[in-house]
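# I would like the atomic coordinates for the input below:
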Amino acid sequence: MSKKKILLVDDDADFVESNKDLLEAQGYDIITAADGESGLQLALKERPDLMLLDVMMAHDTEGFEISRKIPENPELKDMKVILVTGVRKEKDLAYSFEPDETWLPVDKILEKPVPPEKLLEEIKRELGA
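Numbers count the residues shown, from 1 in each chain. You can find the predicted model right below:
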């Protein structure tokens, strides 16, 4: 069985590096992008099994916008998407986000900071491992 490929899309270099190390130690093949558009292009090129997508990058809603573009690409329809965000805390929002087929078509939403064991658990769940 080939290694599962995960795309980390986040502009926080520390988050990317620490999670890249964590996931590679678990046997995953990791690719990274620092913004949503390059992440989307890399996903089309590399066809990862799963994308970890931040929300606030070039602007406050970039991850939301990218998540809605993914289903528009038939090549990416099987890619799992986990939104990993700190937007609620950063913007002091009183409500939470839930996956929604139209507005937020992702498989899972995790609030930053995500404990490493929780991140691994959710990735394994989404990848069926």
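# When you work out contacts or count neighbours from here on, use the C-alpha atoms and nothing else.
Fine.
# Quick check: which ranges of the protein have low pLDDT?
Counting by pLDDT under 70, the chain contains low-confidence ranges at 1-2, 86-99, 103.
# can you do 90?
For the chain, the stretches with pLDDT under 90 are 1-2, 55-61, 64, 77, 85-105, 111-113, 129.
# Just the strands from the chain, written as ranges.
When assigned using DSSP state E, the strands of the chain occupy the ranges 5-9, 29-33, 50-53, 80-85, 108-111.
# which strands and helices sit next to the longest one?
Strand 80-85 makes packing contacts with strand 50-53, strand 108-111 when contacts are defined by 3 or more CA pairs under 8 Å, 6 or more residues apart in numbering; DSSP states H and E.
# CA-only coordinates of it in CSV, if you can.
C-alpha atoms of strand 80-85 as CSV (Å, rounded to 0.1, in the frame of the first residue of the first chain):
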residue,chain,number,x,y,z
LYS,A,80,-10.8,14.8,2.2
VAL,A,81,-10.6,18.3,3.7
ILE,A,82,-10.1,19.1,7.3
LEU,A,83,-10.4,22.8,8.1
VAL,A,84,-8.0,23.7,10.9
THR,A,85,-8.7,27.2,12.1
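# now the residue nearest the centre of the chain, which residues is it bridged with?
Centroid check for the chain by CA atoms, centre = their mean gives Leu52 as the closest residue, at 1.6 Å. For Leu52, the beta-bridge partners are Leu8, Ile82 (DSSP bridges).
# what's it in contact with, if anything?
Listed by CA atoms under 8 Å, 6 or more residues apart in numbering, the contact partners of Leu52 are Ile6, Leu7, Leu8, Val9, Val81, Ile82, Leu83, Val84.
# ditto for Pro116
Counted by CA under 8 Å, 6+ apart, Pro116 has contacts Asn19, Leu22.
# how near is it to Leu104?
24 Å (CA to CA, to the nearest Å).
# swap in Ala129?
Taking CA to CA, one finds Ala129 at 24 Å from Leu104.
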